[in-house]
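# here is my input; please provide its structure:
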Amino acid sequence: MKTNMILPLTLLLVFLAKAQDPAPVRKVQVGEKPGVWLEVAGPSRRVLIDAEVVKREGELEEFLCRARTKEHESILKADIDARDAHKALLLAGVESGAPVQFAPVYKAATGGKVKVTVRLTGEDGKVSEVSARSWVKHRKTTKELDSDWVFAGSKILDDMNNPGRKLYLANDGDVICLSNFDTAMLDLPVASSKDNANLDFEAWTDRIPKLGTKVTVVLQVAK
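Numbers count the residues shown, from 1 in each chain. Predicted coordinates:
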């Protein structure tokens, strides 16, 4: 009698253990060039972007720019095609909206809210993630950035020099913006000046690792 009861109980315990196992994490490259990835773990999807610290001090217009564009105004750069990041965000379930409008009246950028974090590997080999907002300080209040970004989606125009070719305007640098640009892929849903004399944000130097540090920017739907 006892033997017959032990076997079903053992099978039940094995089944429950497997049900509680974390979903396997898969990482898939998006686009032809490495640098943008879709991380899938069960129903969870996150976008990963390989990046590098290029600015630790001073005023900011960008959090992340495309390499060889606006490094003097951005904390991070990424050697990517921003179209791949756009595609990955759609695959991650983020809804694209519309860039900021300045005329005839100001309308903030719209789109699905995106939580941005930065994944770092310490000297001890341990991996950690910090909020991207913690690296950005409001110049007037001296407080941490208190807004998530929205997926504005930039703009696509015809390339006048190459008939039939399209241009994704965020590739000019405006990948994750702190100042409002109507070419931004990710923008803040609040008014933020791009006038050099009135920039709203600056780098929180003490919280940002040294120049040249390799990091991973993580994008996911903000709850």
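# just checking, next helix/strand downstream of the one helix or strand in the chain whose mean pLDDT sits lowest?
Sorted by mean pLDDT, DSSP states H and E, the helices and strands of the chain end with helix 2-20, the least confident at a mean of 49. Note on helix 2-20: by DSSP states H and E, the next helix or strand toward the C-terminus is strand 25-29.
# so after that following strand, what's the next helix or strand?
strand 36-41.
# tell me the contacts of residue 200?
By Cβ atoms under 8 Å, 6 or more residues apart in numbering, the residues touching residue 200 are 138, 139, 140, 178, 179, 192, 193. Quick note: C-beta positions are derived from backbone N, CA and C, even for glycine.
# now the third one: closest residue in space that isn't a chain neighbour?
By that I understand residue 140. Distances taken as Cβ to Cβ, 6 or more residues apart in numbering put residue 200 closest to residue 140, at 7.4 Å, once the chain neighbours are dropped.
# and the gap between that neighbour and residue 153?
22 Å (Cβ to Cβ, to the nearest Å).
# repeat that for residue 167.
From residue 167 to residue 153 the distance is 14 Å (Cβ to Cβ).
# which one of the two has more residues nearby?
Comparing residue 167 with residue 153 by neighbour count (other Cβ atoms under 10 Å), the higher total belongs to residue 153, at 25 against 17.
# that one contacts residue 85, doesn't it?
No. Using Cβ atoms under 8 Å, residue 153 and residue 85 do not qualify as a contacting pair, with a distance of 10.9 Å.
# anything in contact with each of the two?
residue 185.
# isn't there a helix covering residue 197?
Yes. Remark: residue 197 belongs to a helix, assigned using DSSP: H, G, I helix; E, B strand; the rest coil.
# what bits of this structure have low per-residue confidence?
1-22 (pLDDT under 70).
# for the helix or strand hosting residue 119, packing partners?
Under the criterion of DSSP H and E, residue 119 resides in strand 113-121. Judged by 3 or more Cβ pairs under 8 Å, 6 or more residues apart in numbering; DSSP states H and E, the packing partners of strand 113-121 are strand 127-131, strand 149-151, strand 214-221.
# ok, residue 165 - contacts?
By Cβ under 8 Å, 6+ apart, the neighbours of residue 165 are 158, 159.
# what residues sit buried inside the strand holding residue 119?
113, 114, 115, 116, 117, 118, 120 (16 or more other Cβ atoms under 10 Å).
# wait, the first one sits on residue 149?
Yes. The pair residue 113 / residue 149 is scored as a contact, 7.3 Å apart, by Cβ under 8 Å.
# give me the common contacts of those two.
Common neighbours of residue 113 and residue 149 (Cβ under 8 Å, 6+ apart) are residue 189.
# with distance to residue 29, neighbour count and secondary structure added, can I get the contacts of residue 200 in TSV?
Formatted as TSV, those follow (distance: Cβ to Cβ, whole Å; neighbours: other Cβ atoms under 10 Å; DSSP: H, G, I helix; E, B strand; the rest coil):
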residue	distance to residue 29	neighbour count	secondary structure
138	36	15	strand
139	38	12	coil
140	41	8	coil
178	28	26	coil
179	30	24	coil
192	32	23	coil
193	37	13	coil
